[in-house]
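K.L.:
Okay, structure incoming, though there's no sequence with it:
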């Protein structure tokens, strides 16, 4: 089973005050990274990664696209297109303003260890391309509801 980035936008919106200190943030877990079929002649890859957490006993997710800028170096493809069901409220992250939401989501992505997770999958794909492709296909075969995602996070 796997959560895809598009699924997160269908989940209920969860309001969250993003504390200034990341020490007070909930844990987020890496649940899926996909590598797109290679279309770049230089062999650089791209894909998407999905992270889930629990805020006030509710499932939340964030997903974004990444790109290799050189082999083994991955960056957020578009900082303004992070998908999430979080709505940031409070002094630091004002509410429904799209620019403020983008800033808060970027703070979240910079806090998470997503780049090592993506690099590890890229390294595995280099050594075993058939396994990485099968993993991506298997992880996209099921749809998780927010309740199923929360249960999976509790089990982790």
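P.N.:
Looks like it arrived, so ask away. If you're wondering where the values come from, they're calculated on a predicted model, not measured in any experiment.
K.L.:
Neighbouring strands - and their directions - for the longest strand along the chain?
P.N.:
With secondary structure taken from DSSP state E, the chain has its longest strand at strand 58-70. Taking DSSP bridges as the criterion, strand 58-70 sits next to strand 46-55 (antiparallel), strand 73-76 (antiparallel), strand 83-84 (antiparallel) in its sheet.
K.L.:
So what's the model's average confidence on that strand?
P.N.:
Mean pLDDT, computed over strand 58-70, is 94.
K.L.:
Enumerate the positions of that strand that are buried.
P.N.:
In terms of neighbour count (16 or more other CB atoms under 10 Å), strand 58-70 has its buried residues at 58-68. Quick note: C-beta positions are derived from backbone N, CA and C, even for glycine.
K.L.:
can you redo those residues as CSV with distance to residue 25?
P.N.:
Formatted as CSV, the buried residues of strand 58-70 follow (distance: CB to CB, whole Å):
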residue, distance to residue 25
58, 15
59, 15
60, 11
61, 14
62, 12
63, 17
64, 17
65, 23
66, 21
67, 26
68, 28
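K.L.:
count of residues packed around residue 82?
P.N.:
22 (other CB atoms under 10 Å).
K.L.:
Residue 105 is in contact with that one, correct?
P.N.:
Yes: using CB atoms under 8 Å, residue 82 makes contact with residue 105 at a distance of 4.2 Å.
K.L.:
any shared contact partners between those two?
P.N.:
residue 62 (CB atoms under 8 Å, 6 or more residues apart in numbering).
K.L.:
Which helix or strand in this protein has the lowest average pLDDT?
P.N.:
Least confident element among the helices and strands of the chain, by mean pLDDT, DSSP states H and E: helix 129-139 (a mean of 50).
K.L.:
still on that earlier bit, what is the nearest of the buried residues of strand 58-70 to residue 31?
P.N.:
Comparing these against residue 31 with CB to CB places residue 61 closest, at 8.2 Å.
K.L.:
ok, now which ones touch the nearest residue to the closest one once chain neighbours are set aside?
P.N.:
Closest residue in space to residue 61, ignoring its immediate chain neighbours: residue 8 at 3.9 Å, by CB to CB, 6 or more residues apart in numbering. In this structure, residue 8 makes contact with 50, 61-63, 83-85, judged by CB under 8 Å, 6+ apart.
K.L.:
Thank you, goodbye.
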